[in-house]
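Trainee: Turn this into a structure:
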Amino acid sequence: MEFIIVLVVLAALAFWGAAIYNKLVALKNRFENSFAQIEVQLKRRYDLIPNLVETAKGYMSHERETLEAVTAARNQAMAGLEAAAADPGNASAIKELASAEGMLGGALGRLNVVMEAYPDLKASSNMMQLSEELTTTENKVSFARQAHNDQVTEYNSYRQSFPPMMFANMFGHPNDAELLEFEDSAEIQAAPKVSFN
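Mentor: As a prediction, this is how the structure comes out:
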């Protein structure tokens, strides 16, 4: 009788451990899949940028440095995306991607400021279409990043909870996943200051 009780307890522990393992795997797969959705949108964005630069070149002959900065930032962001896509659980790769995306956002922002001085460029139907596609893609990136960060938070919360935290390392989940936060997100989310002085 005691032998049967021991077997039942061991079987219950094995099922319990398997449930923890399976949930960790499922949550990791979800955040990796959500990163893949970001990857799709970022690649689309990176594909639009050369067209934007080429269109702007025809109008902005004196702004070569700005256009080269956008191209260089795009290339760096693409390299960051490749590294992060290879291992979405790698915190340093995610941080590098976030940094590269911040630099690309800054370069695109400078391009937009420079474009203000070229009304013919802003009025170009090709430029308007590219700008609209880029804006739509930026929105999709934001939504995908929010969904990814939700999945990362769920994974991290489960991984850090008791008892999964006791088994996470043993089951091949040694680290928390990193949230993907672009450098400009704090500026975008900051409330504007209003002064009536």
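Trainee: how about Thr55, secondary structure?
Mentor: helix (DSSP: H, G, I helix; E, B strand; the rest coil).
Trainee: Would you mind measuring from it to Leu111?
Mentor: Separation of Thr55 from Leu111 (CB to CB, to the nearest Å) stands at 11 Å. In short, each C-beta sits where N, CA and C put it, glycine included.
Trainee: Who has more neighbours out of these two?
Mentor: Leu111 (20 against 17; other CB atoms under 10 Å).
Trainee: What residues does that one make contact with?
Mentor: 52, 56, 66-67, 70 (CB atoms under 8 Å, 6 or more residues apart in numbering).
Trainee: What about the residues you listed, which are in strands?
Mentor: Among the contacts of Leu111, no member is found in strands (DSSP state E).
Trainee: Let me have those residues in JSON lines, extended by distance to Phe167.
Mentor: Shown next, in JSON lines, are those (distance: CB to CB, whole Å):
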{"residue": "Leu52", "distance to Phe167": "49"}
{"residue": "Ala56", "distance to Phe167": "54"}
{"residue": "Thr66", "distance to Phe167": "52"}
{"residue": "Leu67", "distance to Phe167": "52"}
{"residue": "Val70", "distance to Phe167": "47"}
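Trainee: And whichever strand or helix holds Gly58, what does it pack against?
Mentor: Here Gly58 sits within helix 2-59, counting by DSSP states H and E. Helix 2-59 sits against helix 64-86, helix 91-115, helix 119-123, helix 125-160, helix 164-167, with contacts defined as 3 or more CB pairs under 8 Å, 6 or more residues apart in numbering; DSSP states H and E.
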